[in-house]
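Asker: Below are the sequence and a predicted model; questions follow.
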Amino acid sequence: MHGASAVSESIMNSERINASFHCRYVNIATSRDCREIGVFRPWSIMQKLMRFLTALIAVFRQLVVFRPHKCYIAITCHGPGFLKDAPFALLARAFGCKLILHHHNKGMQSCSHHRLYRILLTAVYRNATVILLSPRLYDDVSDIVDKKSIRICPNGI
């Protein structure tokens with residue numbers, strides 16, 4: 001278990017959050033444990049692709065049936081993880097959801113100058129609330145995210 005999954009689990013199990021909001025949860029992770037993260041062997045890629053498609057269908061179903069107003073996503077902000085997470089955010093946005101994007105890493109600055117990433121980052125982060133673990137992390141996202149959209153939540157909930 002790593003930081004993002006621990007925070008996601010604490011949110012899912014939070015009596016306070018679940019008493020305050022009517023929530024639905026969908027696990028969008030394609031790796032089942034830390035050993036699978038960053039592994040791209042043929043069988044692993046097929047498993048991750050199937051998990052991705054299953055999660056995408058589950059999110060689509062919740063968006064159609066549940067019609068949430070807000071969607072919280074613990075998002076990866078760069079690399080293949082971002083390319084995996086972006087479709088979930090864009091799908092939620094297409095259904096009119098206000099996005100709350102929680103960062104547990106940094107690295108947006110390193111990819112924000114690439115054309116594809118810039119287009120996707122702009123589309124995903126437009127008018128979204130972004131949760132950072134520290135105000136010191138703002139420089140990493142400042143090319144894409146306006147400072148007024150930032151909320152700070154140090155080390156979890």
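Answerer: That came through fine.

Asker: Now do the strands in this structure.
Answerer: Under the criterion DSSP state E, strands of the chain are mapped to 70-75, 98-103, 129-132, 150-152.

Asker: count of neighbours near residue 52?
Answerer: 16 (other CB atoms under 10 Å). All C-beta atoms are positioned from the backbone trio N, CA, C, and that covers glycine.

Asker: And residue 64, by the same measure?
Answerer: 9.

Asker: what's the distance between it and residue 24?
Answerer: Distance, residue 64 to residue 24, by CB to CB, to the nearest Å: 12 Å.

Asker: Out of the strands of the chain, which gets nearest to residue 114?
Answerer: strand 70-75 (17.4 Å; CB to CB).

Asker: Give me the contacts around that closest one.
Answerer: Where contact means CB atoms under 8 Å, 6 or more residues apart in numbering, the residues beyond strand 70-75 that reach it are 4-5, 7-8, 11, 28, 82, 85, 88-89, 92, 97-104, 124.

Asker: I'd like the mean pLDDT over stretch 9-24, please.
Answerer: Across stretch 9-24, the average pLDDT comes to 90.

Asker: okay, how far is it across it, tip to tip?
Answerer: Using CA to CA, to the nearest Å, the end-to-end distance of stretch 9-24 comes to 13 Å.

Asker: For stretch 137-145, which residues meet the burial criterion?
Answerer: For stretch 137-145, burial by neighbour count (16 or more other CB atoms under 10 Å) applies to 137, 140, 141, 144, 145.

Asker: quick check, nearest of those to residue 110?
Answerer: Scanning the buried residues of stretch 137-145 for proximity to residue 110, where the rule is CB to CB, the winner is residue 140, at 8.6 Å.

Asker: What sits closest to that closest one if chain neighbours are left out?
Answerer: Nearest residue to residue 140, sequence neighbours excluded (CB to CB, 6 or more residues apart in numbering): residue 106, at 4.4 Å.

Asker: Enumerate every residue touching the one you found.
Answerer: The contact partners of residue 106, by CB under 8 Å, 6+ apart, come to 77, 137, 140.

Asker: which residues sit in contact with the last one?
Answerer: To tie it back to what came earlier, the one meant is residue 140. Counting by CB under 8 Å, 6+ apart, residue 140 touches 77, 106, 107, 108, 109.

Asker: Good, we can wrap up now.
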